[in-house]
Structures are given as structure tokens and as C-alpha cells.
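>>> below: sequence and its predicted model.
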Amino acid sequence: MNKRSSPPGCNRRAGVRCAIYTRKSSEEGLEQAFNSLDAQRETCEAYVFSQKHEGWMVLPQMYDDGGFSGGSLDRPSLKRLLADIAAGMIDTIVVYKVNRLTRSLSDFAKIVEVFERHGVTFVSVTQSFNTTTSMGRLTLNMLLSFAQFERELAGERIRDKIAASKRKGMWMGGLPPLGYDIVDRKLVINGDEAEIVRHIFRRYAALGSVRPLKEELDSAGILSKCRLDRFGRESGGKSLARGALYLMLQNRIYRGEIVHKQASYPGEHEALIDEGLWNEVHSRLVANRVDRQSGAKAAEPSLLAGLMYDEAGERMTPTHANKRGRRYRYYVSHSLIRRGRPSGEDVGRRLPAGELESAIEARMISLLGDAGEICSAVEGPVADASCRAAMIREAARLAASWSELAPSERRSLLQRLIERIEIRRDSVTVAIRRGALLSLLAPSRTAPATGGAAADTAGIVLTIAIHLRRVGKEMRLLIAGSGDDLHKPPDRSLLRLLGQAYRFQDMAMRGNGRSIGALAEEAGVSPSYFTRVLKLSFLSPKLIRAILEGRQPSKLNGKLLTRQSGQLARDWALQADQLGIH
């Protein structure tokens with residue numbers, strides 16, 4: 001055994017300092033007075049004692065990793081061992097077998113690199129070799145290759161056994177779900193818990209949503225399963241989270257089945273939930289999943305979901321159809337979804353979602369952009385004139401920036417402001433929550449100061465004149481406008497441009513004398529573009545309202561308006577003539 005050479009002129013350290021490293025993969029048996037780690041250490045100490053004539057001696061430090069796998073280097077005692085090697089405290093590492101140090105060939109290469117860098121040798125007492133020679137390193141690499149192969153082969157055997165056992169319906173361990181206990185390695189029904197599980201399934205089938213189900217279970221004091229592990233530690237006994245409820249409602253163990261890799265097999269245990277109740281709950285879960293896909297996180301969210309009602313008082317649900325790769329969205333009365341349209345009867349409504357949403361968004365933008373309407377809406381509840389003026393400005397800002405909002409943000413605003421939308425043959429009525437509008441427009445988003453008419457918080461009702469016309473199987477929605485033409489929605493490029501103009505105006509007002517070039521650099525645009533767009537903030541209120549309502553000429557878009565901004569007159573009447581808006 002070669003020891004590290006000392007620099008000339010230095011005294012060589014007497015003896016070879018030996019560190020013994022031991023490891024056991026599982027914690028089983030470690031509580032015994034004499035366990036596997038003790039046996040490994042005793043064998044290694046005997047080997048070191050046999051080399052006493054060479055100056056070998058055992059260091060008193062213990063490097064024992066009990067309950068840690070050899071497939072990873074993330075072991076506390078191994079880390080401490082490597083740190084002591086780096087500190088020059090160790091000359092030789094002694095182990096019972098190579099696989100006690102590691103079972104991974106790549107990890108062993110890293111460890112050997114540390115050994116060689118610090119001049120430390122390595123000895124396995126049951127495999128006669130050391131790492132001081134090339135032959136010893138070759139032998140060691142071969143042994144480690146077989147150790148890694150054995151580890152991978154054992155893993156494959158375990159996985160195959162688990163798959164075969166689950167195909168036979170056997171329970172293969174883990175935490176038992178609520179409603180079952182483990183008896184002789186089998187799932188056995190727990191009577192009290194089983195009634196709780198059945199109650200949860202029945203209530204979900206009745207409520208149709210996990211959120212109210214969780215609230216009901218919390219009120220009833222229903223908790224998760226209490227468990228006690230083999231070390232006496234308790235877990236569970238807490239409120240059932242929504243995620244846990246979703247998993248429970250989809251757990252096929254309750255149908256008496258065992259699942260393995262997306263496939264289910266008849267289990268040895270008894271089912272808790274009958275087929276009828278399971279199918280009902282599963283259908284509700286699938287239906288709710290489809291509804292969520294048309295909600296706020298969808299690519300094309302249904303902005304008015306949950307707000308729409310037809311003239312018969314039936315709720316209209318968002319649906320869609322795909323034709324030639326294109327997605328068509330609709331709002332459909334519940335009766336048509338459940339049983340279809342009876343032959344020869346004109347019942348229920350199926351209306352194009354995009355046209356309906358555009359019409360209602362345009363009316364909301366018109367409300368927010370009309371100072372008179374906003375003043376009428378807030379004048380009673382809000383006594384402070386300066387507060388009312390601030391709310392009118394906030395409404396105008398929101399109207400101008402509406403088109404820049406993400407679909408999810410527009411949906412959130414509509415859901416917050418609108419209480420109910422009713423569709424009739426000749427009109428659409430939109431009931432606005434006055435309190436929500438006041439809260440939205442209040443300065444700094446605080447509650448507005450109210451006057452003596454605090455009770456005057458009745459809702460605001462907006463009416464949109466329409467005409468429903470059936471074209472073949474489709475119901476077309478015509479918005480009252482010029483003649484019988486379909487009233488086009490606001491041009492998004494114009495709305496985006498107006499929002500940008502007011503933003504540039506706000507930057508200029510708060511600029512503290514900064515130059516146009518500096519402001520344009522902050523906005524990320526050129527000075528000439530900043531100047532042209534800024535001038536649009538001085539358009540007449542009449543023109544702004546016409547653009548918000550989509551009444552501008554069809555040829556007028558954002559690009560053309562930007563180009564013409566430099567030639568626009570200061571006189572508001574002349575502006576209308578220049579842009580062709582009357």
C-alpha cells in the first residue's frame with residue numbers, strides 16, 4: 001500500500017489513518033443492539049488491526065449512513081467523509097464491499113477523482129484490491145459495473161412483479177384511501193369511513209361542483225383519514241382540500257378496481273360506490289371540465305358565461321362547434337342542450353357568441369365613455385363633486401383602454417359588473433350592479449364617499465335594440481344601426497390607438513418638463529410617432545364616442561388615423577368633417 005509522499009525537508013506523518021465507511025439501504029433492523037452497520041464496522045476494524053504492522057490505525061470518527069440508497073451521493077455521512085478527506089484528515093478509506101460506497105459507476109468515478117486529488121487510497125476488505133495500482137482500478141470498475149447492472153436488474157424485477165400483481169387485482173402497498181383499512185396486506189372496508197365516502201359522492205352528484213362540496217364538508221367537520229406510521233407518527237385528520245376531493249372522485253379503487261399505468265383491473269377488494277352513482281359523478285366531472293375550457297383560461301373565453309338568459313328565463317350555456325378547422329361559439333338555451341328543438345316549435349335560443357359579446361362590450365364601453373351616463377350613475381350615491389369627477393375620468397380611461405385588456409381581464413370585468421343579461425326578440429337588456437360600478441371607478445379603488453342617498457344603489461339597466469333573423473338553421477343577431485345592416489363592433493386598432501394617446505398624454509402631464517425625445521424613449525417609440533399619437537388625445541368627445549360605438553367610416557383604421565393626426569384641425573366641428581364622422 002503506497003502512502004502519500006511528503007515534501008523534502010518535512011517529517012512524514014507516522015501511521016496510516018483509516019476511516020471506515022458503512023451503509024445500509026433500509027432503516028429496517030437499525031433499532032437492534034447489533035445491526036448491519038455494526039457488523040460491517042467490526043469486520044473493517046479487524047482488517048485494519050491485521051495491518052497494524054504497516055502502521056494502520058482506525059480513526060474514532062463514525063461514518064455510518066443508515067437508510068440511504070447507494071444510487072445517490074446525497075448521504076450525510078458520505079458528505080462528511082469527503083469533507084474530511086479534503087481537509088487532509090484521512091489516508092485510507094476502508095469499506096466492507098465496494099457497493100457500500102456506491103452502486104453507480106458514474107458516482108464512483110467522481111469519488112475516485114476526489115481520492116486521487118488528495119492522495120487517499122481505497123480498500124474493500126472482502127474484495128482483495130486497492131486503488132493504488134491500475135489493475136486494482138480496473139478490477140474495481142468491473143465490480144462496480146456488475147453492481148450497477150444488479151441494481152437495475154432488481155428494479156426491473158420489482159416493476160414487473162408489481163405490474164403482474166396489479167393485473168390480478170392485488171393491492172401493492174401505499175397509503176390506504178379513505179374508506180379502507182389494510183388487513184393482511186389487503187384492502188378491507190372501514191364501515192364508518194365508507195359512509196363518509198358515499199356521502200361525498202352523493203353530495204357532489206347533487207351540487208355539481210367541488211367548491212360548495214368542500215364548504216359543506218368543512219361545515220360538517222368531515223376530515224381526511226387519520227393514519228399512524230410504524231414509528232408512531234400521526235398524519236391526516238385535516239380538512240379535505242379541493243385537490244384531494246378531485247382525486248377521490250376519480251379514484252377507481254372505490255369501484256373495486258386496481259389501476260396500473262392508465263389501465264384498470266378488477267380488484268380483490270369490495271367496491272364502495274355502485275356503478276350508477278359512479279357514472280353520474282364521472283359525467284359531472286367531464287361536463288365541468290368542458291365548461292372550464294370555455295372559461296377565462298381558454299384561448300377564446302366565453303365572456304358572458306353564467307350571465308345569459310333567454311326570454312323564457314332559461315340560462316344560456318356557452319358551447320362551440322368545429323367546422324373545417326374553424327371554431328364557432330354560441331350561447332344556447334339549456335332546453336336545446338338537453339333535448340334539442342322540437343319539430344315545428346320556436347323554443348329556446350342559439351345565438352352566435354362573438355356578435356353578442358361584441359354588442360354588449362360596445363354598450364359597456366359606451367357607458368364608461370359617456371360622462372353624462374356615468375355622472376347619472378354615481379351622482380346619487382357619491383356626494384363629493386371632486387370624487388365624481390375622478391370617477392368619470394377613470395371610466396373614460398377604462399373605456400379607452402378596454403381593447404388593450406386581455407380576454408381574461410375583460411371577462412373578469414364583465415362578470416363583476418353585470419348581474420344578468422336577458423335576450424328578447426327585439427332587445428337585449430343588461431342589468432349592471434351599481435355598487436360594483438362605484439367600487440370599480442372609486443379613486444384608488446377605495447369605497448366611494450356616499451351622500452344621504454346611500455339607499456340609491458339600485459341596478460342600472462342598459463338596453464340594446466336588436467333584431468333576430470333566422471337564416472337557414474342559424475339565428476342571426478342584427479344590432480340596430482343604419483338600416484338593417486349588422487352594426488359592426490368597434491375597431492380594435494382605433495381603440496388601442498386612443499388608449500395609447502391618453503397614456504402618452506398622461507406621461508407628458510407628469511413629465512416635469514422632459515423633452516418629447518425622452519418621453520418617446522421611455523414609451524419605446526420614435527419621437528415623431530409619439531407626437532402624432534399624442535395629438536389624438538385632443539379629439540372631440542363626439543368623435544371618441546363614435547369610434548367607441550363603431551360608427552366611424554369603414555375605411556378609417558388606426559394606421560390612417562395616425563397618419564392624419566398632423567392635419568387634424570383644432571376646431572371639433574372641422575375634425576368631424578375631416579374624418580367623415582357625423
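Sure, I can see it.
>>> in contact with Pro531, which residues?
One correction, residue 531 is Thr, not Pro. For Thr531, the contact set (CB atoms under 8 Å, 6 or more residues apart in numbering) comprises Ile516. No exception for glycine: its C-beta is placed from N, CA and C like everyone else's.
>>> pLDDT at it, what is it?
We have a pLDDT of 88 for Thr531.
>>> what about it, which helix or strand?
helix 527-535 (DSSP states H and E).
>>> beta partners of the residue nearest to Ala377 when sequence neighbours are not counted?
Distances taken as CB to CB, 6 or more residues apart in numbering put Ile460 closest to Ala377, at 5.7 Å, once the chain neighbours are dropped. Assessed by DSSP bridges, Ile460 has beta-bridge partners Ile432.
>>> by residue count, tell me the biggest helix in this structure.
In the chain, with assignment by DSSP state H, the single longest helix is helix 134-167.
>>> chain center to the next helix or strand after it, what's the gap?
Per DSSP H and E, helix 134-167 leads on to strand 180-183 as the next helix or strand towards the C-terminus. Centre-to-centre, strand 180-183 and its host chain are 34 Å apart (CA atoms, centre = their mean, to the nearest Å).
>>> list the buried residues for strand 180-183?
Tyr180 (16 or more other CB atoms under 10 Å).
>>> stretch 566-582 too?
Neighbour-count burial for stretch 566-582 [16+ other CB under 10 Å]: 568, 575-576, 579, 581.
>>> give me the neighbour count for Gly372.
Gly372 has 8 neighbouring residues, counting by other CB atoms under 10 Å.
>>> so how far is Glu195 from it?
62 Å (CB to CB, to the nearest Å).
>>> returning to what we had before: what about the helix holding Thr531, distance to the chain center?
Worked out by CA atoms, centre = their mean, helix 527-535 lies 40 Å from the chain centre.
>>> where does Ala518 fall, phi/psi-wise?
Backbone geometry at Ala518, expressed as degrees, to the nearest 10, gives phi -70, psi -40.
>>> could I get the CA-only coordinates of stretch 306-316 as PDB?
Output of stretch 306-316 as PDB, limited to C-alpha atoms (Å, rounded to 0.1, in the frame of the first residue of the first chain):
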ATOM      1  CA  GLY A 306     -73.300  32.300 -16.400                       C
ATOM      2  CA  LEU A 307     -75.000  35.700 -17.200                       C
ATOM      3  CA  MET A 308     -77.100  34.900 -20.200                       C
ATOM      4  CA  TYR A 309     -80.900  34.100 -20.100                       C
ATOM      5  CA  ASP A 310     -83.500  33.800 -22.900                       C
ATOM      6  CA  GLU A 311     -87.000  35.300 -22.800                       C
ATOM      7  CA  ALA A 312     -88.300  32.100 -21.100                       C
ATOM      8  CA  GLY A 313     -85.900  32.600 -18.200                       C
ATOM      9  CA  GLU A 314     -83.700  29.700 -19.200                       C
ATOM     10  CA  ARG A 315     -80.000  30.100 -18.700                       C
ATOM     11  CA  MET A 316     -77.900  30.100 -21.900                       C
END
